[in-house]
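*Asks:* All I have is the shape, not the residue letters:
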C-alpha cells in the first residue's frame with residue numbers, strides 16, 4: 001500500500017474518534033498505567049478470593065486453619081474482602097437508617113433508642129443468632145458462615161457510622177435547608193447534593209474508625225464457638241485464633257505483622273485518599289492554608305481515566321436525578337396541624353408499645369418454659385455494676401488523654417499527615433492479638449484481670465473519642481481560627497471560646513459510641529485465653545461469653561437484655577442530655 005494511501009486511511013480512522021477521546025488518549029502517561037494496573041489487580045484478587053466463598057461445607061467438620069505463614073497472604077485477602085463487603089453494607093444501612101431517623105419525628109423516637117440497643121448488643125449475641133440461622137439456610141455451603149461473619153463485622157461498623165450521619169443531618173446548617181427549599185430540590189437531589197456532602201467529613205472519619213472496629217472483632221467473626229460447636233473461616237483472625245489456641249507465639253507474631261501490613265496498606269491506599277478528598281466539603285469562607293494530601297489521590301487526579309469516563313458519569317447522574325423525582329419535593333411546612341400531629345402520635349405510640357409488649361411477653365414465656373423465670377436476671381444485673389465501673393474509668397481516662405491530643409492533631413494538617421497513619425494503625429490493630437502478651441504479664445505480675453480488664457476495654461473503645469476529637473478540630477472553619485488569632489485569643493480562653501464549643505458535638509458522638517464500644521469490648525476483655533491459661537474477670541462480658549460458649553440461651557438472652565438496659569439507661573439519663581446541649585448551644589451551624 002502506498003504511503004499516501006496509508007496516511008489517508010489513518011487520518012480517516014482518527015477522524016471517526018471523538019475529539020475528547022483523542023485529546024484524553026493523547027495525554028496518557030505513566031500515571032494512567034499505574035491506575036489501570038492497580039484496578040486490574042484489585043479486581044483479580046477480589047474474583048480469585050471470592051471464588052472460595054461458595055464451596056461445600058459440613059458443619060460437623062469445621063475447616064482446619066493451617067498456621068503455616070505461607071497461607072497468610074490468602075488468609076489476608078479473605079479477611080480484607082469480608083471487611084469491605086461489610087463496609088459497603090454499613091454505608092447503605094447508614095444512609096437509610098440515619099435518614100429515616102433524622103427526617104421522621106416519630107421514627108426518631110424509636111430508631112435512635114433502637115440504635116442504642118443495637119450498639120449495646122455484644123457481637124457474640126449477633127453471632128449466636130446469625131450463625132444458627134444462616135448455617136441452616138445454607139446447610140451444605142460455606143456461604144452461610146461467610147454471611148454470618150460479614151454480618152458480625154457489619155455490626156461492629158454500622159452503628160457508629162449511623163450515629164455520625166444522623167447527627168450531621170439534624171445539625172444541617174439552616175441556610176442549606178432554606179436553599180434546598182427555595183430551589184425546590186427533590187428529596188433525592190437534596191440528599192445527594194446537600195445532606196451527604198455536609199456529612200462527608202464526619203462520615204469518613206467515623207467510617208475509618210468503624211473499619212478499625214471490624215479489625216478488633218475479626219477473631220470473633222472468623223473463629224466462632226456457639227453452643228459447643230466450633231466454626232472457622234480462612235482469615236487472619238482465624239489464623240491468630242489458631243496460633244493462640246496452640247500457644248504458638250511465632251504464629252501470633254506472623255499474624256501481628258500481617259495485620260500491621262494490612263492496616264497500613266488500607267490506610268495508605270483507601271482512607272488517606274478519602275480524608276484528603278473529603279476536605280472539599282468543608283464549610284468555610286476562606287481557604288485553608290495547609291490541607292491534607294494523599295499521594296494516591298494526587299495520582300488519581302493526574303490520570304486521564306476520570307476525564308475519559310466523566311461524560312458517562314454525568315449522564316448516569318442526570319438519569320438518576322430524573323428517576324429520583326419519584327421521591328417528590330421536600331415541601332414540608334415548618335409547622336403542621338397540631339391536632340393531626342397529636343392523633344398520629346397517639347396511634348404511633350400505641351403500635352410501638354404493642355410491639356414491645358408482644359416481644360416482652362414472648363421473652364417471659366421462653367424464660368418461664370426453661371424453668372428459670374425472672375431469677376435469671378439477678379446475676380447479670382449485679383455483674384453489670386462491675387463492668388459499668390470499668391466503662392466509666394475508660395471514658396474518663398480516654399477523655400483526659402485523647403481530647404487534647406486529638407485537637408492538636410486536627411488543627412495541624414501537617415501533623416495529621418504524620419500522625420494519622422500511626423493513629424490508624426493503633427486504633428485498627430486488634431487488641432486481642434496482644435492478649436497473649438497481656439496474659440503473660442498478668443500471670444507474671446499477679447495482677448488480677450478485674451483491674452487489667454479496664455485497660456483491655458480501653459484498647460477497643462478509646463479511639464472513638466480520639467477520632468471524633470480530630471474530626472471536630474478539622475471541621476472548625478478556617479475563618480473562625482483566623483478571627484481568634486487576630487483577636488489574640490490564646491490559652492484557656494481559646495479552648496473555652498472556640499475549641500470546646502466546636503468539638504463538643506463531635507465529642508458527644510464519640511463518647512456515646514465509645515461507651516457502647518467499651519460494653520461490647522468487655523466480652524473479649526473480661527476473659528483472656530492463651531494456650532492452657534485462662535484468666536477471667538467478674539463482669540457482664542465474661543458472663544455472656546461463657547453463656548454463648550455453652551449454648552445456654554436463657555443466660556445469653558438475660559445477659560444481652562441487661563447489657564442493653566445499662567447502655568440505654570445511661571444514654572437516656574446522661575448522654576441524651578449532652579446531645580441536646582450540643583445541638584442547642586454548642587453547634588457552629
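*Replies:* That came through, no problem. Here the structure is a predicted model, which is why all the values come from computation and not from measurement. Residues are numbered from 1 along each chain as shown.

*Asks:* Identify the residues contacting the residue nearest to the spatial centre of the chain.
*Replies:* What sits nearest the mean C-alpha location of the chain, by CA atoms, centre = their mean, is residue 210, with 2.4 Å. Taking CB atoms under 8 Å, 6 or more residues apart in numbering, we find residue 210 in contact with 87, 90, 156-158, 160-161. From N, CA and C alone the C-beta is placed, and that goes for glycine too.

*Asks:* of the residues you listed, closest to residue 352?
*Replies:* For the contacts of residue 210, the residue nearest residue 352 by CB to CB is residue 158; the value is 22.2 Å.

*Asks:* now the closest one, what's its secondary structure?
*Replies:* Of the three states, residue 158 takes helix under DSSP: H, G, I helix; E, B strand; the rest coil.

*Asks:* which residues sit in contact with the residue lying closest to it once chain neighbours are set aside?
*Replies:* Once flanking residues are discounted, residue 158 sits nearest to residue 90: 4.1 Å by CB to CB, 6 or more residues apart in numbering. Contact analysis of residue 90 by CB under 8 Å, 6+ apart lists 154, 157-158, 161, 207, 210.

*Asks:* tell me which residues of the helix or strand harbouring residue 243 are tucked away?
*Replies:* When secondary structure is defined by DSSP states H and E, residue 243 falls within helix 236-246. Residues 236-245 are the ones in helix 236-246 that count as buried (16 or more other CB atoms under 10 Å).

*Asks:* Can you lay out those residues as TSV showing pLDDT and distance to residue 66?
*Replies:* Output for the buried residues of helix 236-246, formatted as TSV (pLDDT from 0 to 100; distance: CB to CB, whole Å):
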residue	pLDDT	distance to residue 66
236	89	13
237	84	14
238	86	10
239	88	8
240	84	13
241	79	13
242	83	8
243	84	11
244	78	15
245	76	14
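
*Asks:* Looking at those, which is nearest residue 513?
*Replies:* Distances from residue 513 to these, taken by CB to CB, are shortest for residue 237, at 22.1 Å.

*Asks:* Which pLDDT does the model give the closest residue to that closest one other than its chain neighbours?
*Replies:* In space, residue 237 comes closest to residue 218 once its chain neighbours are excluded; the distance is 3.5 Å by CB to CB, 6+ apart. Residue 218 carries a pLDDT value of 77.

*Asks:* same question, residue 91
*Replies:* 94.

*Asks:* Could you identify the helix or strand that succeeds the helix or strand containing residue 563?
*Replies:* Taking DSSP H and E as the definition, residue 563 sits inside helix 553-570. Going down the chain from helix 553-570, the next helix or strand is helix 576-584, by DSSP H and E.

*Asks:* for that next one, packing partners?
*Replies:* In terms of contacts (3 or more CB pairs under 8 Å, 6 or more residues apart in numbering; DSSP states H and E), helix 576-584 is packed against helix 500-525.

*Asks:* how about the strands in the stretch 401-550 of the chain?
*Replies:* Secondary structure of the stretch 401-550 of the chain (DSSP state E, counting those that start in this stretch): strands at 527-530, 533-536.

*Asks:* Comparing the ones you listed, which stretch has the densest surroundings?
*Replies:* Neighbour counts (mean count of other CB atoms under 10 Å) averaged over each of the strands of the stretch 401-550 of the chain peak at strand 527-530, with a mean of 21.

*Asks:* Other residues contacting that one?
*Replies:* The contact list for strand 527-530, computed with CB under 8 Å, 6+ apart, reads 244-245, 247, 435-436, 438-440, 442, 449, 456, 534-537, 541-542, 545-546.

*Asks:* that older thread, could you point out which element follows the helix holding residue 243?
*Replies:* Next element after helix 236-246 (DSSP H and E): helix 249-266.

*Asks:* What is that next one packed up against?
*Replies:* helix 72-103, helix 196-216, helix 236-246, helix 413-428.

*Asks:* Residue 380 is nearest to which of those helices?
*Replies:* The nearest among those, by CB to CB, is helix 196-216 at 23.3 Å.

*Asks:* still on that earlier bit, the helix holding residue 563 to helix 500-525, inter-axis angle?
*Replies:* Helix 553-570 and helix 500-525 are oriented at 170 degrees to each other (axes from the mean of the first three to the mean of the last three CA atoms, to 10 degrees).

*Asks:* so how far is residue 535 from the residue nearest to the centre of the chain?
*Replies:* Residue 210 is 29 Å from residue 535, where distance means CB to CB, to the nearest Å.

*Asks:* ok, of the contacts of strand 527-530, which come out buried?
*Replies:* Buried among the contacts of strand 527-530 by 16+ other CB under 10 Å: 244-245, 435-436, 438-439, 442, 449, 456, 535-537, 541-542, 545-546.

*Asks:* one step back: the contacts of residue 210, buried ones only, as a PyMOL selection?
*Replies:* To isolate the buried members of the contacts of residue 210 in PyMOL, using 16+ other CB under 10 Å:
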select buried, resi 87+90+156+157+158+160+161
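
*Asks:* which one of the contacts of residue 210 sits closest to residue 501?
*Replies:* Once CB to CB is applied, the member of the contacts of residue 210 that ends up nearest residue 501 is residue 160, at 22.9 Å.

*Asks:* Kindly provide the distance from that closest one to residue 68.
*Replies:* Residue 160 is 36 Å from residue 68, by CB to CB.

*Asks:* One more: residue 378?
*Replies:* 48 Å.

*Asks:* again with residue 420
*Replies:* 34 Å.

*Asks:* out of the two, which sits in the busier spot?
*Replies:* residue 420 (21 against 10; other CB atoms under 10 Å).

*Asks:* Number of residues surrounding residue 479?
*Replies:* 13.

*Asks:* ignore the last one, residue 347
*Replies:* Residue 347 has 11 nearby residues by other CB under 10 Å.

*Asks:* what do you get for residue 188?
*Replies:* Neighbour tally, residue 188, other CB under 10 Å: 19.

*Asks:* Phi and psi next, for it.
*Replies:* As for residue 188, its main-chain torsions (degrees, to the nearest 10) stand at phi -60, psi -50.

*Asks:* about what we covered before: least reliable of the strands of the stretch 401-550 of the chain by average pLDDT, please.
*Replies:* Minimum mean pLDDT among the strands of the stretch 401-550 of the chain: strand 527-530, a mean of 76.

*Asks:* Paired strands for that one, with orientation please.
*Replies:* strand 533-536 (antiparallel) (DSSP bridges).

*Asks:* Can you give the contact residues for the partner strand?
*Replies:* Contacts of strand 533-536 (CB under 8 Å, 6+ apart): 439, 442-443, 449, 526-529, 542.

*Asks:* same thing but at 6 Å, please
*Replies:* Contact with strand 533-536 is made by 439, 449, 527-528, 542, as judged by CB atoms under 6 Å, 6 or more residues apart in numbering.

*Asks:* now these as CSV including distance to residue 144?
*Replies:* As requested, the contacts of strand 533-536 are exported to CSV (distance: CB to CB, whole Å):
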residue, distance to residue 144
439, 33
449, 35
527, 27
528, 30
542, 29
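
*Asks:* and which of the residues you listed is nearest residue 562?
*Replies:* For the contacts of strand 533-536, the nearest to residue 562 is residue 542 (13.3 Å; CB to CB).

*Asks:* List the residues that contact the residue nearest to that closest one when sequence neighbours are not counted.
*Replies:* Of all residues not flanking residue 542 in the chain, residue 526 sits nearest, at 3.9 Å (CB to CB, 6+ apart). Listed by CB under 6 Å, 6+ apart, the contact set of residue 526 reads 453, 537, 539, 541-542.

*Asks:* Try it again at 7 Å.
*Replies:* 449, 453, 536-537, 539, 541-542 (CB atoms under 7 Å, 6 or more residues apart in numbering).

*Asks:* From residue 538, how far out is it?
*Replies:* Counting by CB to CB - residue 526 and residue 538 are separated by 8 Å.

*Asks:* do residue 107 as well
*Replies:* Distance from residue 107 to residue 538, by CB to CB: 39 Å.

*Asks:* again, but for residue 208
*Replies:* From residue 208 to residue 538 the distance is 34 Å (CB to CB).

*Asks:* ditto for residue 442
*Replies:* Residue 442 is 15 Å from residue 538, by CB to CB.
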